[in-house]
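In: Sequence unavailable; structure follows:
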């Protein structure tokens with residue numbers, strides 16, 4: 001497994017853990033009816049959404065430059 005795949009797997013694991021944590025917290029907050037804390041949790045979810053956007057990867061082909069010695 002190369003380093004990029006390892007980083008991807010680590011991020012997926014982190015995001016799954018955050019998802020479970022947020023859902024568990026949401027149920028607790030909902031039971032207590034604390035709207036302010038629910039709003040804070042939603043803000044944290046939105047911040048996580050921006051982290052996800054930063055992970056977007058687009059493969060592009062790159063032309064290689066060839067360096068040659070020029071005779072004078």
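Out: Yes, it's here. Since the model is a prediction, treat every value here as computed from it, not as a measurement.
In: C-alpha from now on. contacts and neighbour counts both.
Out: Fine.
In: Would you map the helices across this structure?
Out: Secondary structure of the chain (DSSP state H): helices at 3-32, 35-54.
In: In JSON lines: the ones you listed, plus distance to residue 61.
Out: Output for the helices of the chain, formatted as JSON lines (distance: least, CA to CA, whole Å):
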{"stretch": "helix 3-32", "distance to residue 61": "17"}
{"stretch": "helix 35-54", "distance to residue 61": "20"}
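In: between these, which gets the lowest average pLDDT?
Out: Of all these, mean pLDDT reaches its minimum on helix 35-54 (a mean of 74).
In: Now do the buried residues in it.
Out: For helix 35-54, burial by neighbour count (16 or more other CA atoms under 10 Å) applies to 38, 41.
In: cool, stretch 18-29 as well?
Out: Within stretch 18-29, the residues that count as buried by 16+ other CA under 10 Å are 22, 26, 29.
In: Can you tell me the closest non-neighbouring residue to the last one?
Out: Closest residue in space to residue 29, ignoring its immediate chain neighbours: residue 38 at 6.2 Å, by CA to CA, 6 or more residues apart in numbering.
In: wouldn't that neighbour be in contact with residue 30 here?
Out: Yes: between residue 38 and residue 30 there is a contact under CA atoms under 8 Å: 7.5 Å.
In: what's the burial count for residue 12?
Out: Around residue 12 there are 13 other residues, counting by other CA atoms under 10 Å.
In: Equivalent analysis for the one 4 residues further on, please.
Out: Residue 16 sits with 12 neighbouring residues when counted by other CA under 10 Å.
In: That one and residue 35, how far apart?
Out: 24 Å (CA to CA, to the nearest Å).
In: Check residue 19 too.
Out: For residue 19 relative to residue 35 (CA to CA), the value is 19 Å.
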